[in-house]
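*Asks:* Provided below for reference: sequence and predicted model.
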Amino acid sequence: MTIKLLTFDLDDTLWPCMITILRTEERLHKWFADHHPEIPNQYSIKQLRQKRLRLAQEHQHIAHDLTALRKKSFAQLSQELGYSPEQEQQFIQQAFNFYFIERNRVSLYDDVIPTLERLKNSYRLGAVSNGNADIYQIGLGHLFDFSWSAADAGQQKPHPIVFNSLLDKENLKPDELIHIGDDPLTDIQGAQQSGVKAIWLNRNHSLWPEKLNPPFIEIDQLNQLPDIINTL
């Protein structure tokens with residue numbers, strides 16, 4: 001194999017996702033209490049989450065773009081508060097800025113930086129994510145050549161357009177790319193649908209879903225990856 005690019009999922013591949021999201025929502029709720037107390041007086045964290053999920057269902061054209069969806073949820077809240085257009089724009093910007101800083105306070109798995117540093121010496125590296133985490137704000141930008149998201153592609157993994165558009169953008173053939181991720185459906189099947197080999201990072205030793213085609217390779221620690229890639 002002539003491997004020209006390795007791409008990595010972010011949430012639950014390079015850091016635990018749910019703990020990050022829950023902490024972010026808790027701190028955002030506290031920020032609302034300090035600056036816009038009408039919101040937490042009316043909505044719990046769970047209720048705000050449910051409102052955002054309903055927005056995604058009602059606005060399918062932006063459901064793949066978590067930044068646009070988050071900002072729309074803030075716009076909805078500001079309208080409920082009766083803010084003027086100027087107040088609304090200020091509220092959206094301030095709320096999103098706070099959210100985005102907290103969203104990118106992640107706790108990397110211990111093997112992430114050593115593995116990426118080792119691979120960076122021999123391969124181009126890219127981030128491919130359905131989420132809106134920012135590798136540059138997190139402090140990983142120097143280890144990646146680019147970031148590609150569902151917002152860039154116009155759909156979320158496992159839609160084939162995510163990897164098809166990436167291959168077109170990078171002028172690569174499918175067998176010149178390997179994707180590494182934790183999710184059997186979005187990462188592994190998503191890559192396979194575009195002819196891209198995918199390595200399943202199974203940190204929790206989960207069972208593989210029988211209905212899906214098996215991954216190219218399975219690992220349970222990211223630091224196993226360099227030696228495996230070098231043998232291909």
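*Replies:* Received it, and whenever you're ready, just let me know what you need.

*Asks:* Now the spatially most central residue of the chain. Nearest residue, chain neighbours left out?
*Replies:* Centroid check for the chain by C-alpha atoms, centre = their mean gives Gly131 as the closest residue, at 2.8 Å. Nearest non-adjacent residue to Gly131, counting by C-beta to C-beta, 6 or more residues apart in numbering: Asp11, 5.2 Å away. C-beta here means a position set from N, CA and C on the backbone, and glycine is covered the same way.

*Asks:* which residues touch that neighbour?
*Replies:* Applying C-beta atoms under 8 Å, 6 or more residues apart in numbering, one finds that Asp11 lies in contact with 17, 20, 129-131, 133.

*Asks:* Could you identify the most distant pair in these?
*Replies:* The distance between the two most remote of the contacts of Asp11 (C-beta to C-beta) is 14.3 Å, for Thr20 and Asn130.

*Asks:* who's more crowded, those two?
*Replies:* Between Thr20 and Asn130, counted using other C-beta atoms under 10 Å, Asn130 has the larger neighbour count: 24 against 20.

*Asks:* Quick check: beta-bridge partners of His179?
*Replies:* Thr7, Ala198 (DSSP bridges).

*Asks:* And the strands in the protein?
*Replies:* When assigned using DSSP state E, the strands of the chain occupy the ranges 5-8, 124-129, 146-149, 177-181, 197-201, 217-219.

*Asks:* Can you tell me what sits against the fifth one?
*Replies:* Contacts of strand 197-201 with the rest of the structure, by C-beta under 8 Å, 6+ apart, involve 13, 174-175, 177-182, 184, 187-188, 190-192, 208, 215-220, 222, 225, 228.

*Asks:* just the angle between that strand and strand 177-181, please?
*Replies:* Put simply, strand 197-201 runs at 20 degrees to strand 177-181, going by axes from the mean of the first three to the mean of the last three C-alpha atoms, to 10 degrees.

*Asks:* Kindly format the C-alpha coordinates of strand 197-201 as PDB.
*Replies:* Provided in PDB are the C-alpha atoms of strand 197-201 (Å, rounded to 0.1, in the frame of the first residue of the first chain):
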ATOM      1  CA  LYS A 197      -9.700   1.300   4.600                       C
ATOM      2  CA  ALA A 198     -10.600   2.000   8.200                       C
ATOM      3  CA  ILE A 199      -8.900   1.000  11.500                       C
ATOM      4  CA  TRP A 200     -11.200   0.600  14.400                       C
ATOM      5  CA  LEU A 201      -9.900   2.000  17.700                       C
END
